[in-house]
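> could you look at this predicted model? Sequence included:
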Amino acid sequence: MEERTGTLILTVTSTKGGVGKTTLAANLGGLLADLGQRVLLIDADIQPTLSSYYALERQASRGLTALMTEGDLESSISRTMVGCDLVVSDDPEGRLQNWVLHTPDGRVRLKHTLARLNRYDVIIIDTQGAVGPLQDAAVLAADVLLSPIPPEILSAREFARGTLGMLERLRPMQFLGAPVGALYGVIYRMDRAAEAIRIAAELRKESFAQSRGLIRILDTVVQNTVAYREAATNRTPVHRWESRRRGPSQSARDTMLALARELLPHISNEPAARDGGAE
Ligand SMILES: Nc1ncnc2c1ncn2[C@@H]1O[C@H](COP(=O)(O)OP(=O)(O)OP(=O)(O)O)[C@@H](O)[C@H]1O
Ligand SMILES: [Mg+2]
C-alpha cells in the first residue's frame with residue numbers, strides 16, 4: 001500500500017459468517033492502539049459482538065444508528081479500556097438495513113460522515129457476514145477491505161467467487177465518488193504451515209488473476225489457536241495475552257504485528273509497543 005497521512009478506513013468483510021471478522025477487527029484495533037495509533041472501532045453488525053468485546057471506560061449515549069442516520073460524531077463514540085474508541089451497534093432489529101436501502105444516498109452516507117472525522121489514524125469497521133445494504137455502506141466507506149479466509153479449499157473458491165461478486169456489484173459506485181478499495185485476504189485459522197502455502201497458492205490463482213490485482217492474499221497467516229478465544233474471554237487484545245510463543249508456531253503477538261505491518265507499512269518503523277510485552 002502507498003504511504004498516506006490521513007485516516008485509513010479499514011472494513012473487515014466476508015460474505016460468509018463465523019470466519020473471524022470480529023476477532024480480527026478487535027485484535028487489530030487493540031494492537032494498533034498499543035502501537036500509538038489513534039483507533040476507532042465501528043460495530044456495523046446487528047449482532048453487537050464487537051460492541052462488548054472490550055470493557056468500556058466511557059459509554060456514549062448513542063451509537064451506530066445516530067452515526068449513520070444523523071452523522072452524529074459527538075454522542076455516538078464510546079471509549080474502551082484498551083485504548084481505542086468504539087461506536088457500538090444499537091440496532092438489534094436490523095432497521096439500518098432498510099434505512100440504507102430506502103435513503104437515496106444511504107450507501108455512501110457512512111463514507112461521507114467518516115470523512116468529517118479527522119482525529120483518528122485508523123478506523124476499523126466490523127460487518128455482518130452476509131450481503132446487504134449496511135454491509136455495502138461499510139465496504140464503500142473503506143480505503144482497504146480485509147477478509148479472513150478459512151482454510152478449506154471450498155472456502156477459498158467461495159471466497160474468490162463471493163468476494164469478486166461483491167466487488168463487481170459495487171464497482172459502479174465509483175461514479176458516485178465511492179470507488180471500492182483494494183481487498184486483502186488473510187488466510188485465517190490455519191492449523192499447518194504447509195497447508196497454508198498450498199492454499200495461498202490456490203487462492204492467488206483463483207482470485208488474483210480474475211480480479212486483475214484488486215485482491216491480494218497477504219503473506220501473514222493467522223493460526224488456529226486457543227489464544228484468540230482466551231484473549232476474547234479475558235477481553236484483552238491477543239498480542240497482550242500471548243506475547244511469547246507457546247508451541248511450535250509464532251506468538252499471536254508476532255502474527256498480529258506482521259499483519260499490521262503488511263496492512264499499514266507506514267507504521268512499521270514506529271517505536272516499540274507501549275503494552276509491556278517487550279521481546
Ligand atoms: N485465530 C483463531 N483461532 C481459533 N479460534 C478463533 C480464531 N479467531 C477467532 N476464533 C473463534 O472463532 C469464532 C468466530 O469468530 P468471530 O466471532 O470473530 O467470527 P465472525 O466472522 O465475526 O462471525 P460472525 O459472522 O458471526 O460475525 C469465535 O468463537 C472466535 O473466538
Ligand atoms: Mg462478527
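All right, it came through fine. Ligands and ions are numbered 1, 2, ... in the order given.

> can you pull the buried residues of the helix or strand containing Ala231?
Taking DSSP states H and E as the definition, one finds Ala231 inside helix 226-233. Going by neighbour count (16 or more other Cβ atoms under 10 Å), the buried part of helix 226-233 is Ala227, Tyr228, Ala231, Ala232. In short, each C-beta sits where N, CA and C put it, glycine included.

> tell me, which of the residues you listed make contact with ligand 1?
Residues of the buried residues of helix 226-233 in contact with ligand 1 (Cβ under 6 Å from any ligand atom): Tyr228, Ala232.

> got TSV for the buried residues of helix 226-233, with pLDDT too?
Output for those, formatted as TSV (pLDDT from 0 to 100):
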residue	pLDDT
Ala227	96
Tyr228	97
Ala231	98
Ala232	98
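
> for Ala260, which non-adjacent residue is closest in space?
Using Cβ to Cβ, 6 or more residues apart in numbering and skipping the chain neighbours, the partner closest in space to Ala260 is Leu31 (5.6 Å).

> looks like that neighbour contacts Met256 (just checking).
Yes. Assessed by Cβ atoms under 8 Å, Leu31 is found in contact with Met256 at 4.8 Å.

> overlap in contacts, the two.
Overlap of the contact sets of Leu31 and Met256 (by Cβ atoms under 8 Å, 6 or more residues apart in numbering) consists of Pro237, His239.

> near ligand 1, which residues of the stretch 151-279 of the chain are found?
Counting by Cβ under 6 Å from any ligand atom, the stretch 151-279 of the chain sits next to ligand 1 at Arg189, Val222, Asn224, Thr225, Tyr228, Arg229, Ala232.

> try 5 Å this time
Proximity of the stretch 151-279 of the chain to ligand 1 (Cβ under 5 Å from any ligand atom) is limited to residues Arg189, Val222, Asn224, Tyr228, Arg229.

> distance of the third one relative to Gly129?
Using Cβ to Cβ, to the nearest Å, Asn224 is found at 18 Å from Gly129.

> give me the buried positions along stretch 234-243.
Neighbour count says stretch 234-243 has Thr236, Pro237, Val238, His239, Arg240, Trp241, Glu242, Ser243 buried, by 16+ other Cβ under 10 Å.

> check the gap between the residue of the stretch 101-250 of the chain at minimum distance from ligand 1 and Leu28 for me.
Proximity of the stretch 101-250 of the chain to ligand 1 (Cβ to the nearest ligand atom) peaks at Gly129, 3.1 Å away. To Leu28, Gly129 is 17 Å away according to Cβ to Cβ.

> tell me which of those two has more neighbours.
Leu28 (26 against 19; other Cβ atoms under 10 Å).

> my guess is that one contacts Leu259, does it?
Yes. The criterion here is Cβ under 8 Å, and Leu28 meets it with Leu259 at 7.0 Å.

> by contact count, what packs against the longest strand anywhere in the chain?
What stands out as the longest strand in the chain, according to DSSP state E, is strand 182-190. On a contact count with 3 or more Cβ pairs under 8 Å, 6 or more residues apart in numbering; DSSP states H and E, strand 182-190 meets strand 144-149, helix 153-170, helix 193-203, strand 215-217, strand 222-223, helix 252-263.

> what packs against the second one?
Read that as helix 153-170. Against helix 153-170 (3+ Cβ pairs under 8 Å, 6+ apart) you get helix 133-140, strand 144-149, strand 182-190, helix 193-203, helix 209-211, strand 215-217.
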